[in-house]
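> predicted coordinates and the sequence they were generated for:
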There are 2 protein chains.
Amino acid sequence: MSIETKFARLGTDNAPGQEVRQDAGAVETVLRGERLEGVPVDFSHGDVDAHEPTPGAFEVFSAGVALGGKQAYTEYRGDIGIRETLAERLAGFTGAPLDARDGLIITPGTQGALFLAVASTVARGDKVAIVQPDYFANRKLVEFFEGEMLPVRLDYAGAEPGRSGLDLGQLEDAFRKGAKVFLFSNPNNPTGVVYSADEIARIAALAERHGATVIVDQLYSRMLYSGVTYTHLRAEPGTAGNVLTIMGPSKTESLSGYRLGAAFGPAEIIARMEKLQAIVSLRAAGYSQAVLRTWFDEPAGWMEERIRRHEAIRDDLVAILGGVDGAFVRTPEAGSYLFPRLPALGVPYDLFVKILREQAGVVVTPGTEFGPHSCDSVRLNFSQDRQAAIAAAERMAHLVARYRA
Amino acid sequence: MSIETKFARLGTDNAPGQEVRQDAGAVETVLRGERLEGVPVDFSHGDVDAHEPTPGAFEVFSAGVALGGKQAYTEYRGDIGIRETLAERLAGFTGAPLDARDGLIITPGTQGALFLAVASTVARGDKVAIVQPDYFANRKLVEFFEGEMLPVRLDYAGAEPGRSGLDLGQLEDAFRKGAKVFLFSNPNNPTGVVYSADEIARIAALAERHGATVIVDQLYSRMLYSGVTYTHLRAEPGTAGNVLTIMGPSKTESLSGYRLGAAFGPAEIIARMEKLQAIVSLRAAGYSQAVLRTWFDEPAGWMEERIRRHEAIRDDLVAILGGVDGAFVRTPEAGSYLFPRLPALGVPYDLFVKILREQAGVVVTPGTEFGPHSCDSVRLNFSQDRQAAIAAAERMAHLVARYRA
């Protein structure tokens, strides 16, 4: 494959946060009615000014800088002292042991962990099972490494209560067809769905039976709403040798500006990831690594309060957007993404996304980023100022009505 | 190629800073004489405690954190305000115009820039001309992307005064054989050699004639010693469309702990690099990016003093190691690497490197990391405390004598 072909497939024009590089152009000619005034809201990512970084994070960073060279130049996989601290906390959180020396790597963000994980498990032509819809980079990573994607449908709209709606039959088929890797996010990005205990057990059993590696992106697994139970895949029997877990403090903890993530699982995969990290970026920024000392050690009650505030915004937005005639919203069980399906419109959905931005100051991410069956949906990261988010969702509902087919 | 094969070739056991993961093992049985006491010196990388980060860097970082979401979530290629500031300074430094919007990307370290640059120019089977010796990651990057390496010899020991000793005939041959990319560092890592104006002009002319892309890693181009003239490749005629320049503040400025780098050149390559950065790590840590505001804007006289101190250490170490009977040292013209060739020893050179560590508390990087013809050489980063470096070099000279063949 030529370099031009390879990169032509790697589009980022609609990626969250990149809207600034788009040309508004064509939108002007199709606008209906007046602009809706209000505080602009960028739902493409969370607002870390509305939900601030973990208290003490900056102080711990400062202490890292004061440590000097010891903190600046860590092993490529991260500082051993921090890995030891984290390993204990992550083992406690996920309910399975974790080897600080060989089973854990600190990366530049969860994205950094995902990249290294896919690079370390997917060779050219390897089959990889991918959920649709799921985090947009999953597909791009498999394509970049020239793997073959085997899609597995997540019927989040039609699922029985308490279940994600993953098509387990399709997953089993993918393994039968030779999928060496299964890559998915739990909670699911973009829908906020949490996989049931039964589904997680079935995934573990299927992967073990077929000798497949599972990469599970648990970025949002700390922000669980009322009544939701989360099952950690790595605590299932038979997963010690084939499940790699990815997490990070960029979202719930609002620490994205430090670019920190972690991957933990089989020593063999972690070793490959470190070899690759050595030529990709050497290491997560040394001083930033120090910030991980705050992770899973937030002030008492802080996480509960953060979740409570997000649950309130979730409820507001579900009420507004779920109330739009012909729209469908599944109430997110975790995380801060909402993935409403819009009714039929008189303009293409991708154009409507641009209209929303131009006419209402509302930035959302088109559903097509997450899978081919989601073109009528958009993703909102509702980790925003509550009043601004409510007003923006109301403007969005208003424009849906205005542009209805 | 299987994933196992791919990663088997990507060794990091002898990579600088990774020595902590090695097993000392076999060394004990071949030791001669007593341990040499002294302050341990890790020459595998610079000591940022002896040569501290740019004054004001931490304060600028703090201001970035205070900016909140605006600084945390930049475009993938980096904050536009910072890119505008940098573009002007880098254009001034290199002597050629630079487009802040489309011609510059901020990356997690210079390593991050190198990775993205090679990934964006080298497809499977593409021929790539690589200098021997040169930075060890160059070779690994080409191998990772399954390019074919065409070596070009740098005869730094036999070069005429004022020249690097690059075999321009071999470079031309490589282009004739179809090399699409030429990747090299200037100043050269590990030798500290600066390419002459004539050599740079010849490289520019050859690359243009053969339609090849040149990636030049200028990480150390600010730290030039007395009497040295540096020629920027990107300021040569005909290079605007095919030369990508990489720099960063990790070394001379001791800002490695923030993980910052920059690549600048043709818009098409920068665009690919950004697409890839989106799935590799999203962006250089947002808060860290703020630190680039200090770059090329250091306090008056600070850089001159930094260079003066390093030149003094260089002279000390060249005198000590160059004085070892049978050793060869070319005095570095820039940067903080010294690459002495050792005389014949009674133990293999890779074992001697371990002996040095065990018996003298001196960590150096084996020459084999930099090219197949350098097994008798070792690299020292002499950005160290001066007295500790002198004593360590003397212990090294002592052990060379002790283990002489």
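Right, received. Where do you want to start? If you're wondering where the values come from, they're calculated on a predicted model, not measured in any experiment.
> ok, now which ones touch the closest residue to chain B within the stretch 51-200 of chain A?
In the stretch 51-200 of chain A, the residue that lies nearest chain B is A:Ala72 (3.2 Å; CB to the nearest CB). (Each C-beta comes from the backbone N, C-alpha and C, glycine too.) The contact partners of A:Ala72, taken as CB atoms under 8 Å, 6 or more residues apart in numbering or on different chains, are A:Gly286, A:Tyr287, B:Val48, B:Ser256, B:Gly257.
> what number of residues lie near the closest residue to it other than its chain neighbours?
Excluding the flanking residues, the one nearest A:Ala72 by CB to CB, 6 or more residues apart in numbering or on different chains is B:Gly257, at 3.2 Å. By other CB atoms under 10 Å in any protein chain shown, the residues close to B:Gly257 number 30.
> ok, now A:Glu88?
Residues near A:Glu88, counting by other CB under 10 Å: 14.
> wait, a strand at it?
No: going by DSSP: H, G, I helix; E, B strand; the rest coil, the assignment for A:Glu88 is helix, not a strand.
> excluding its backbone neighbours, what's nearest A:Trp302?
Per CB to CB, 6+ apart, closest to A:Trp302 is A:Pro55, 6.7 Å.
> tell me the confidence at the one you found?
Here, the pLDDT recorded for A:Pro55 equals 97.
> pretty sure it is in contact with A:Asp297, am I right?
No: counting by CB atoms under 8 Å, A:Pro55 does not reach A:Asp297; the two are 10.8 Å apart.
> in the stretch 251-400 of chain A, where is pLDDT below threshold?
Across the stretch 251-400 of chain A, nothing is flagged by pLDDT under 70.
> name the SS class of the residue nearest to A:Ala72, please.
Assignment for B:Gly257 (three-state DSSP): helix.
> quick check, it in contact with A:Ala285.
Yes: contact criterion CB under 8 Å: B:Gly257 and A:Ala285 qualify, at 6.5 Å.
> and stretch A:117-136, how far out from the chain's middle?
Taking CA atoms, centre = their mean, to the nearest Å, one finds stretch A:117-136 lying 15 Å from the centre of the chain it belongs to.
> ends of it, how far apart?
16 Å (CA to CA, to the nearest Å).
> could you measure from the residue of the stretch 51-200 of chain A closest to chain B over to B:Glu84?
28 Å (CB to CB, to the nearest Å).
> repeat for A:Val65
27 Å.
> can you give me the helices for chain A?
A:3-8, A:57-67, A:69-72, A:80-94, A:109-119, A:136-144, A:168-176, A:197-210, A:267-280, A:286-289, A:302-322, A:349-360, A:386-402 (DSSP state H).
> what angle sits between the longest one and helix A:386-402?
So that's helix A:302-322. On the basis of axes from the mean of the first three to the mean of the last three CA atoms, to 10 degrees, helix A:302-322 is oriented at 20 degrees to helix A:386-402.
> buried residues, helix A:302-322. List them.
A:Met303, A:Arg306, A:Ile307, A:His310, A:Glu311, A:Ile313, A:Arg314, A:Asp316, A:Leu317, A:Val318, A:Ile320, A:Leu321 (16 or more other CB atoms under 10 Å in any protein chain shown).
> check contacts around the residue sitting furthest away from the middle of chain A.
In chain A, A:Gly33 marks the outermost C-alpha relative to the chain mean, sitting 35.5 Å out by CA atoms, centre = their mean. The contact partners of A:Gly33, by CB under 8 Å, 6+ apart, come to A:Gln359, A:Arg402.
> one more time with 7 Å
Contact analysis of A:Gly33 by CB atoms under 7 Å, 6 or more residues apart in numbering or on different chains lists A:Arg402.
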